[in-house]
Structure formats: structure tokens, C-alpha cells
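Engineer: Show me the folded form of this:
(one chain, ligands or ions: 1)
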Amino acid sequence: MAGLIPESIIEDVRRAADIVEVISEVVVLKPAGRNLVGLCPFHNEKTPSFTVSPEKQIFHCFGCGQGGNVFAFTMQHQGISFPEAVRALAERYHISIPDTARDGASANGADQRARLQAANALALEFYRKALAHPVQGQPARDYLSRRGLSAALIQAFQLGFAPPGWDHLARFLKGRRVPDAVAEKAGLIAPRQSGSGFYDRFRGRIIFPIIDLSGKVAGFGGRVLDDSLPKYLNSPETPLYNKRRCLYGLYQARDHCRAKKAVYIVEGYLDLLALHQYGIANAVATLGTALTAEQVALLKRFVGSGDIVLVFDGDAAGQKAAERTRPIFEQLHSRFQPGSYQRESGVNTRVLELPGGHDPDTFLREKGAEAFTALAAKAKGMVAFLIDAALRQHGDTIEGRALAVGELVGPLQAVSDPVTRSLYVKLLAERVGVDEAAIARRLSRGGTHRPAPVSGEPRAGVPERLPAIERQLTAMMIQYPEVLPDIDKRNLTSYFKNLQLKAVAEAVLIHYRESGTADGVIERLADPQLQRLAAALAIREEQWTVSGCRQLIAQFVRARSRPSREMLDAIAQAEQAADDGRWQQLLLERQKAARQGERTRRKLLNR
Ligand SMILES: [Zn+2]
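Structural biologist: Model prediction:
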């Protein structure tokens with residue numbers, strides 16, 4: 001599984017890396033006994049079931065079943081392969097990997113990302129130099145200073161300028177030996193439609209680099225200096241840039257979001273920079289899309305169960321904000337969304353509509369940061385906001401109220417959690433002055449009812465289908481290695497019936513024979529499913545005693561030497577059906593099995 005990275009280096013990286021440190025960057029962890037817990041980054045949840053063991057250097061989520069060591073976390077979280085994860089952690093902990101350690105197939109993905117990142121880094125350098133250029137950058141600097149952005153902020157967000165002209169960047173990248181194909185893949189240049197060659201995607205625009213959580217450029221946004229169209233242009237989707245997952249400014253805002261347990265979400269680059277300019281640094285911007293469930297899950301890692309506040313420009317009817325909020329609301333509450341996000345789960349999502357036609361920039365200039373935060377403190381929950389917006393739009397008359405109810409049927413039907421839905425129905429009933437039951441009836445005949453999910457629930461930490469006794473034995477072997485010599489001597493694991501548990505248990509034994517410990521056994525398991533299983537078994541805090549272990553082993557021996565349940569059932573059935581031939585045949589088989597069982601028992605006990 002390690003590709004060509006030497007085992008000894010993988011071991012060095014494992015020892016150097018601290019899983020708590022790595023996970024703390026993305027999950028707020030709190031102590032719970034000997035472990036730490038937090039909200040799972042892999043599924044959406046209200047109460048923390050994501051558990052990290054500093055002692056064992058593993059994690060396990062009791063909600064969705066993800067688990068493993070620091071490599072597994074890095075792989076799953078960043079969506080990269082094992083060698084890539086080893087390299088990423090090696091880099092972080094300053095462990096060098098010899099150049100010869102190249103892993104063919106999976107290195108290609110890493111290589112490609114690295115090449116695209118390098119191209120983006122060069123492009124950023126080019127754009128920043130152009131902004132700083134005394135002549136070339138003048139119009140852009142003038143524009144930014146008219147917008148009230150300080151030099152410090154321009155520096156912190158690494159703003160740049162793409163000068164007008166067709167191929168300044170294309171030629172610069174060529175000079176730095178970036179292949180055209182790489183620059184094209186990074187979305188920096190595009191092939192000319194007539195003739196050959198490439199032209200720059202961004203021309204005559206202020207450049208806003210979109211930085212990912214590792215601090216590298218994922219993509220760019222660009223804004224024109226005048227009123228020409230399109231006003232904004234973003235990088236296309238690339239292996240580095242996915243607009244449903246990225247948030248502009250999150251890299252710069254993350255610590256502030258954590259500290260304030262709240263985040264403001266605005267729609268544009270300049271809105272975001274205005275907030276930062278006025279000291280409201282816990283703010284991010286979406287990139288030309290409505291807020292997605294993926295982005296909410298990402299933000300939850302930083303704000304925990306705190307507030308996510310959508311900030312909208314004020315306009316006459318508030319209709320635009322409502323139109324934008326509705327799909328977000330449905331998306332957050334529906335379990336029928338791509339990915340594993342089940343429902344809104346514990347996110348306190350609110351809507352802040354700025355008054356009097358203000359956008360964040362004009363509001364802050366006129367009223368200041370304190371007025372903004374005071375207004376934000378009164379921001380409405382999403383449903384309350386949608387109800388008020390509908391009433392405003394349709395008027396507070398009988399007909400208007402009926403129309404408002406009709407408008408909210410769709411969004412409320414999308415709420416998959418019945419408790420949440422009934423609370424919202426109650427709220428709507430109160431605001432509109434209609435009987436709750438009438439609204440509930442309207443919801444149930446709404447016509448766009450979605451089908452019930454077949455298997456929407458998350459997988460449990462340890463699948464309950466696993467045979468209990470083999471599961472316990474394997475957990476005991478990992479948690480209480482003192483028992484391993486005995487298990488090894490009796491060759492107990494060869495009698496395991498569940499193949500997954502057998503694979504884990506045997507890996508524990510092999511690892512123990514070689515290293516004298518059960519620590520680090522997870523690296524031995526190439527299969528991520530087995531890694532998850534081993535982590536799930538290891539992280540439970542069970543107390544083992546010598547006598548408890550003996551009892552468990554004895555129970556296993558008895559179970560393996562008894563005739564099986566299926567056989568006893570088959571005999572009883574044959575007897576009831578008066579099928580004498582079958583009955584006699586089964587009895588013979590049972591005798592044979594009993595002799596076999598006795599041999600098994602002796603072997604298990606005497607070895
Ligand atoms: Zn989970």
C-alpha cells in the first residue's frame with residue numbers, strides 16, 4: 001500500500017505526526033474522558049460523535065463509521081491517496097522523502113495537482129507584480145483605494161491585477177516553462193478559437209485569488225474596473241477548484257470564525273473585503289453559487305454549533321433575498337442531496353437583510369461595524385425570514401396569507417426531519433394566524449412529496465451484523481494485547497467465521513509477533529474498510545481483566561464446539577414435517593458435527 005515510499009519513512013512520519021494537531025485544524029475538539037470529541041467532518045451532525053484518541057492516535061466516528069489513523073484522516077479529508085497523504089504529512093513534519101520514492105499511478109494525481117498548484121502560484125506572482133507595477137497597476141490601485149481597501153488588506157488577500165491585453169500571462173508562463181496544457185488545465189489560459197495559441201482568461205481585471213485551506217491557490221476570481229460585462233469572472237472547475245466546496249476568504253477568516261463561533265456569508269468579493277476592512281473578519285463569500293450543503297458542512301467545522309448568517313443586500317421587496325434563501329433552505333433540510341449531508345442538523349442558519357437598499361460596503365461606510373453586528377444579532381432564522389418575506393410580498397390580507405402559505409409548502413415539504421418540520425409548521429401557523437392542522441394537511445397533499453429513502457441512515461460505527469463474540473474478541477486483542485500470546489498459542493483466530501474480523505485479528509497477531517505491541521496495527525491493514533473497523537474496535541473504552549478475557553475465550557470455544565443454530569432448526573423442521581429421511585440424515589450430520597466440535601474444543605483448550 002505504501003508505493004515506493006520506504007516503510008521506515010512511513011513509520012517516521014507516523015511517529016512525528018500528531019493526529020490531534022492535524023484534526024484540530026479542521027474540527028473543534030473537546031475533551032471527553034481519555035478521548036476528544038467534535039462534530040464529524042464527514043457527515044452532518046448535531047451532537048459530536050467524532051472521537052479522537054490521542055493515546056492511540058486514531059479517530060472514529062460513531063455516527064458514520066469513518067475511522068483510522070492520521071493517514072486515513074488525511075486521505076479521507078483531502079480526498080487523496082495513501083502516498084499523497086504520507087507526502088503531505090512528511091512535508092508538514094519536515095521529514096524528507098527520497099526522490100526515488102515515486103509511486104506510478106497514484107503519484108500522477110498528486111503530480112498533476114502539484115503542477116497545477118505551481119502554475120497557479122506563478123500566475124499569482126504575475127498578477128501581484130502587475131498590481132504593484134508603477135504604471136501598469138495604477139488604474140487597479142486607484143480602483144481599490146476608491147473602494148476603501150487598505151494596503152494591508154490587499155496584502156492579506158494577495159489581490160492582483162490582470163493587465164489588459166491578450167497574452168501577458170500566457171507569455172509569462174511560457175517563459176517559466178509551464179506547459180500550455182498545464183496552464184489551460186488550471187484555467188489560466190484558453191485556446192484561441194481561430195488559429196493556434198492561447199489567450200489569457202483574465203484580462204483587465206482585479207484578481208482575487210481563492211486560497212484553499214492548505215494555503216495554496218485553488219483558483220481566481222476577476223472583476224472589471226468599469227461597467228463592462230461580465231462584471232465578475234471565475235476560474236472554471238479544475239482538479240483544484242470546485243465552486244460548490246470553496247469559499248472565498250475562508251483561509252483568512254477561519255481562526256476568526258472559530259473564535260467568534262459565527263460566520264457571515266456574503267455574495268461578492270468586494271462585500272467580503274468591506275467586512276474585513278471594518279474589522280469583521282469572520283466572514284466569507286460564496287462564489288457565484290447559492291450556499292451549498294457542502295459549504296455549510298465545511299463552515300460547521302469552524303463555528304461548531306454557532307451561527308451561520310447569510311447577508312443580503314436590502315432591496316425594495318426583499319424578494320431577491322427570499323428567492324436566494326429558499327433553495328438554500330431546501331438544500332440544507334433535504335436528505336436527498338448529493339453527498340452524505342442528511343439534514344440541517346444543528347446549524348443555526350439566519351438571514352440578515354440590510355436595510356434601505358444598502359450593500360455591506362455602503363452600510364458599513366454609513367453606519368459602521370457596531371451597527372452591523374447589532375443588526376446581525378437580530379437576524380431572523382431562515383423560516384421566519386421566508387415567512388415574513390412571503391407576507392411582505394403578497395400583502396397581509398386573507399388572500400396574501402393564503403398565497404404566503406402556498407409559497408412555503410414546497411420548502412417545508414423538503415424538511416426531512418419530522419420534528420423540525422412540525423416546529424416550522426407551528427411557527428408558520430402562528431405568524432399567518434391559521435390553524436396548524438390546516439397547514440399540515442396542505443403539506444401532506446402538496447403533490448411534490450418526495451419518496452422515503454431506502455437507506456438514508458448513516459452506517460453505525462461497528463456494523464451490528466458482525467458476530468458479537470468475534471467482535472468482542474477482536475476488540476480485546478487490540479485493546480488488551482496482554483492476551484495475545486494466549487490467543488496466538490490456541491490459534492483462536494482460525495476459527496473466526498467473519499472474514500473482516502478474521503483479517504483484523506490476524507493482522508493484530510502478525511503485528512504483535514513482529515513488534516511486541518498492538519499499536520500501529522492499522523497501518524498493516526491495506527483495506528480502508530478494515531482500517532475503519534480496527535479503529536472502531538480500538539477506540540471504545542472498555543476495561544479488560546484477566547478473568548474477563550478468560551471468560552470471553554471460553555465462551556467462544558463453547559460457541560465453536562456447539563452444533564449450529566441452523567442445524568438445530570433444520571432438524572426441528574424435518575421432525576415437524578415428518579420427513580423421516582431428511583431427519584435421519586440431519587441427525588447423522590449432527591453427530592459428525594458434534595465429534596468435530598469436540599475435536600475443535602480440545603484443540604482450542606489444549607494448545
Ligand atoms: Zn461521521
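Engineer: where along the stretch 401-550 of the chain do the helices fall?
Structural biologist: 418-432, 436-444, 468-479, 484-490, 499-515, 528-539, 546-561 (DSSP state H, counting those that start in this stretch).
Engineer: Centre of the chain to the longest one, how far?
Structural biologist: What it means is helix 499-515. Centroid separation for helix 499-515 versus its chain: 31 Å, with CA atoms, centre = their mean, to the nearest Å.
Engineer: Could you dump the helices of the stretch 401-550 of the chain into TSV with distance to the ion and mean pLDDT added?
Structural biologist: Every C-beta, even on glycine, is put in place using the N, C-alpha and C of the backbone. Putting the helices of the stretch 401-550 of the chain into TSV (distance: least, CB to the ion, whole Å; pLDDT from 0 to 100) gives the following:
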stretch	distance to the ion	mean pLDDT
helix 418-432	20	85
helix 436-444	30	82
helix 468-479	20	89
helix 484-490	30	87
helix 499-515	20	88
helix 528-539	11	86
helix 546-561	29	83
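Engineer: Point out the residues in the stretch 1-150 of the chain that sit beside the ion.
Structural biologist: When proximity is defined by CB under 5 Å from the ion, the stretch 1-150 of the chain lies next to the ion at C40, F42, H43, C61, G63, C64.
Engineer: Go ahead and report the secondary structure state at the second one.
Structural biologist: Secondary structure state of F42, per DSSP: H, G, I helix; E, B strand; the rest coil, is coil.
Engineer: and the helix or strand of the chain with the lowest mean pLDDT with helix 418-432, angle?
Structural biologist: When the helices and strands of the chain are scored by mean pLDDT, DSSP states H and E, helix 319-333 comes last with a mean of 74. Between helix 319-333 and helix 418-432, the angle comes out at 160 degrees (axes from the mean of the first three to the mean of the last three CA atoms, to 10 degrees).
Engineer: Give the buried residues for the helix or strand following helix 319-333.
Structural biologist: The C-terminal neighbour of helix 319-333 among helices and strands, as given by DSSP states H and E, is strand 348-353. Judged by neighbour count using 16 or more other CB atoms under 10 Å, the buried positions of strand 348-353 are T349, R350, V351, L352, E353.
Engineer: Stretch 555-574 now?
Structural biologist: Counting neighbours by 16+ other CB under 10 Å, one finds that the buried residues in stretch 555-574 are F556, V557, A559, R560, S561, M567, A570, I571, A574.
Engineer: what does it contact?
Structural biologist: 469-470, 473, 492, 495, 582-583, 586-587, 589-590, 593-594, 597-598, 600-601, 604-605 (CB atoms under 8 Å, 6 or more residues apart in numbering).
Engineer: how long is it from one end to the other?
Structural biologist: In stretch 555-574, first residue to last residue: 29 Å (CA to CA, to the nearest Å).
Engineer: which one of the residues of the stretch 1-150 of the chain next to the ion has the most neighbours?
Structural biologist: Among those, the one with the most neighbours (other CB atoms under 10 Å) is C61, at 28 neighbours.
Engineer: mind listing what it touches?
Structural biologist: Contacts for C61 (CB under 8 Å, 6+ apart) come out as C40, F42, H43, S49, F50, T51, G67, G461.
Engineer: Include pLDDT when you put the residues you listed into JSON lines, please.
Structural biologist: Shown next, in JSON lines, are the contacts of C61 (pLDDT from 0 to 100):
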{"residue": "C40", "pLDDT": "89"}
{"residue": "F42", "pLDDT": "85"}
{"residue": "H43", "pLDDT": "84"}
{"residue": "S49", "pLDDT": "90"}
{"residue": "F50", "pLDDT": "93"}
{"residue": "T51", "pLDDT": "94"}
{"residue": "G67", "pLDDT": "89"}
{"residue": "G461", "pLDDT": "44"}
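Engineer: Could you let me know which of these ends up closest to the ion?
Structural biologist: Checking the contacts of C61 against the ion with CB to the ion, the nearest one is C40 at 3.0 Å.
Engineer: The closest one is in contact with S49, isn't it?
Structural biologist: Yes: contact criterion CB atoms under 8 Å: C40 and S49 qualify, at 6.3 Å.
Engineer: joint contacts of those two?
Structural biologist: With CB under 8 Å, 6+ apart as the test, C40 and S49 both reach C61, G63.
Engineer: The stretch 201-350 of the chain: helices as residue ranges?
Structural biologist: Applying DSSP H, counting those that start in this stretch to the stretch 201-350 of the chain gives helices spanning 250-260, 269-277, 293-303, 319-333.
Engineer: Can you say which of those is nearest to the ion?
Structural biologist: Of all the helices of the stretch 201-350 of the chain, helix 293-303 sits nearest to the ion, with 10.5 Å by CB to the ion.
Engineer: Can you tell me which helices and strands that closest one packs against?
Structural biologist: helix 250-260, strand 262-266, strand 307-312, helix 319-333 (3 or more CB pairs under 8 Å, 6 or more residues apart in numbering; DSSP states H and E).
Engineer: which one of the buried residues of stretch 555-574 is nearest R201?
Structural biologist: Nearest to R201, judged by CB to CB, of these is F556 at 64.7 Å.
Engineer: Tell me how the protein divides into domains.
Structural biologist: 7-102, 107-240, 242-449, 468-606 (automatic domain parsing).
Engineer: In stretch 301-319, which residues are buried?
Structural biologist: Across stretch 301-319, burial judged by 16+ other CB under 10 Å covers 301-304, 306-314, 318.
Engineer: swap in stretch 285-304?
Structural biologist: 285-287, 290-304.
Engineer: tell me the average confidence for the helix or strand hosting R602?
Structural biologist: Using DSSP H and E, R602 sits in helix 580-606. Summarised as a single mean, pLDDT over helix 580-606 is 76.
Engineer: next one: stretch 357-366 to chain centre, how far?
Structural biologist: Centroid separation for stretch 357-366 versus its chain: 34 Å, with CA atoms, centre = their mean.
Engineer: let me fix that: stretch 176-185
Structural biologist: Distance, stretch centre to chain centre, for stretch 176-185: 31 Å (CA atoms, centre = their mean).
Engineer: repeat for stretch 594-601
Structural biologist: Using CA atoms, centre = their mean, the offset of stretch 594-601 from its chain centre is 50 Å.
Engineer: got a list of contacts for that stretch?
Structural biologist: Contacts for stretch 594-601 (CB under 8 Å, 6+ apart): Y495, V557, R558, R560, S561, R562, P563.
Engineer: try it again with 10 Å
Structural biologist: Stretch 594-601 has contacts (CB atoms under 10 Å, 6 or more residues apart in numbering) with Y495, V557, R558, A559, R560, S561, R562, P563, S564, M567, R590, A593.
Engineer: List the buried residues for that stretch?
Structural biologist: Neighbour count says stretch 594-601 has G597, T600 buried, by 16+ other CB under 10 Å.
Engineer: which strands and helices sit next to the lengthiest helix in the chain?
Structural biologist: Ordering each helix of the chain by length in residues (DSSP state H) puts helix 104-132 first. Under the contact definition 3 or more CB pairs under 10 Å, 6 or more residues apart in numbering; DSSP states H and E, helix 104-132 sits against helix 82-92, helix 138-146, helix 151-156, strand 160-162, helix 168-175, helix 180-185, strand 205-211, strand 217-224.
Engineer: What pairs with the shortest one, parallel or antiparallel?
Structural biologist: The reference is to strand 160-162. Applying DSSP bridges, strand 160-162 is found paired with strand 205-211 (antiparallel).
Engineer: starting at the chain centroid, how far to the partner strand?
Structural biologist: On CA atoms, centre = their mean, the centre of strand 205-211 falls 25 Å from the chain's centre.
Engineer: Next: stretch 485-501.
Structural biologist: 36 Å.
Engineer: buried stuff in that stretch?
Structural biologist: Under the neighbour-count criterion of 16+ other CB under 10 Å, stretch 485-501 has I487, D488, R490, L492, T493, Y495, F496, N498, Q500, L501 buried.
Engineer: wait, the first one sits on I478?
Structural biologist: What that stands for is I487. No: I487 is not in contact with I478 according to CB atoms under 10 Å; the separation is 11.5 Å.
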